[in-house]
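Asks: here are the coordinates; sequence isn't available:
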């Protein structure tokens, strides 16, 4: 039997933190047909609130070092401020949104990242996603809105990268659904020429990806993103799309397929 | 057919904000048999974080005046910090907790309080509780952990008194369950002599309450609490208990019955 379609959208902090872009996102997201899930970031708000509280934001390789005070900030900002504003906003658009962290119904269990060269503090690496719990909600037309927070099962919230939450959740849900994983990005998609915003590569499979990497067309920060996208495909996700937030629900961006 | 028993516990900010009392609460709450719901406050943390952010907390008659900045603070603190710490904590005690605001699955819809003598700002008066949605979760042994936040259905979170959330939710759930509503309090119960902490009135019905009020035994701040308790009984709640947090699950405190 064919699985039902599910669209999982990951949006960064920038989009959900400004009133105009948030409103557009809520509108676009509400138009998506079929089952859907939203995973959001919130780093900018966390940095802003931390600054107001006199807490320095330390980043290493784009990841936040989460000490005890910073954990308090991200728990407030991701789980409360950003998440609940999205949930209330979507309700106004007729979407039956439910805000979740990994601790809620134990949907995402993680493990504190081991200290190697860098001590990331209270950062969690995902161990298990309870897809059947999410399915129970989704099949009732409830739309999970997932904050980038997980828990260790021992009473601790852990800060967890939103891209990772999106990938792990999409993979777990692909047991039950035909999942399209959409990463909203600050560019129109994967570009052939980083100086030409319109040079979007419409579709990438593994062979073409390899070719573009060998030729030096795709480099830098796109490489881990695309490696992760292909890993999601290997783990059951049907397609991964990298696009602008304004491209949600439209046939734009770069589609990554097997 | 007899309804299943459900215990709805309301705890104030003080209990959930200190590590030792929170841990005791989580332990006691996890021991309660049958279906259960927790409603929490968080005013002290909100006041603390607001102060750190340079936002003055204005209270009138024990209620917070919620301007736009304060709404941001309570959304973060109640919906994020306090709620998610309780949820993660209960998961460690084997309780399948799910944190909710009124916006989540539209469980509590409210209306911005009209401005009369006092402008409470973004404060919500409860209009509707979706008991059937809560029942769907509760019957799957999911335990709702409710923050004192509601929404207006137009995209706005509203700050809402936790005692009111507890009463309205208990009343709505009494359609499906035999509901005991427990208010955790800083005293052992309703006292006959306010200077004697052991003078707890074990049981109060309307006649005895009227007698104690007429005699001047019960006065002051207890009056609105007890009026609300009797109103909950009229609206279907089986019994209301006023007790210390450490009295949860024990046969202590004051039982208010019809």
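Replies: Here it is on my side, so go on. Quantities reported herein were computed from a predicted structural model and do not represent experimental measurements. Residues are numbered from 1 along each chain as shown, chains lettered A, B, ... in the order given.
Asks: and the residue of chain A nearest chain B?
Replies: Using Cβ to the nearest Cβ, the closest approach of chain A to chain B is made by residue A:80 at 2.3 Å. In short, each C-beta sits where N, CA and C put it, glycine included.
Asks: show me the contacts for that residue.
Replies: If you count contacts by Cβ atoms under 8 Å, 6 or more residues apart in numbering or on different chains, residue A:80 has them with B:75-81, B:83-84.
Asks: what is the most widely separated pair among those?
Replies: Based on Cβ to Cβ, the longest span within the contacts of residue A:80 runs between B:75 and B:84 and measures 12.7 Å.
Asks: I'd like the average pLDDT over stretch A:47-67.
Replies: In this model, stretch A:47-67 has a mean pLDDT of 92.
Asks: whoops, stretch A:131-150 was the one
Replies: Across stretch A:131-150, the average pLDDT comes to 98.
Asks: which bits of the stretch 101-250 of chain A sit near chain B?
Replies: Proximity of the stretch 101-250 of chain A to chain B is confined to A:101, A:103-106, A:136, A:140, A:142, A:149, A:151, A:153-157 under the rule Cβ under 8 Å from any Cβ of the partner chain.
Asks: which other residues reach the lowest-mean-pLDDT helix or strand in chain A?
Replies: Every helix and strand of chain A was ranked by mean pLDDT, DSSP states H and E. The lowest is helix A:13-17, at a mean of 82. Here helix A:13-17 makes contact (Cβ under 8 Å, 6+ apart) with A:21-22, A:25, A:40-46, A:82, A:85-86, A:184, A:186, A:245.
Asks: sort out for me which of those residues are in strands.
Replies: Among the contacts of helix A:13-17, the members found in strands (DSSP state E) are A:40, A:184.
Asks: just the buried ones from the contacts of helix A:13-17?
Replies: A:22, A:25, A:40-46, A:82, A:85-86, A:184, A:245 (16 or more other Cβ atoms under 10 Å in any protein chain shown).
Asks: filter those down to the ones in helices?
Replies: Among the buried ones among the contacts of helix A:13-17, DSSP state H puts A:22, A:25, A:43-46, A:85-86 in helices.
Asks: from those residues, which are also near chain B?
Replies: residue A:85.
Asks: ok, which pair from the ones in helices among the buried ones among the contacts of helix A:13-17 is furthest apart?
Replies: A:25 and A:46 (18.5 Å).
Asks: excluding covalently adjacent residues, which one is nearest to the residue of chain A closest to chain B?
Replies: Among residues not flanking residue A:80 along the chain, residue B:80 sits closest, at 2.3 Å (Cβ to Cβ, 6 or more residues apart in numbering or on different chains).
Asks: tell me the pLDDT at that neighbour?
Replies: Model confidence at residue B:80 (pLDDT) stands at 98.
Asks: distance of it relative to residue B:46?
Replies: Relative to residue B:46, residue B:80 is positioned 11 Å away (Cβ to Cβ, to the nearest Å).
Asks: ok, now residue A:91?
Replies: In this view, residue A:91 and residue B:46 are 23 Å apart by Cβ to Cβ.
Asks: which element is residue A:154 on?
Replies: Using DSSP states H and E, residue A:154 sits within no helix or strand.
Asks: repeat that for the one 4 residues further on.
Replies: Assignment of secondary structure by DSSP H and E places residue A:158 within strand A:157-159.
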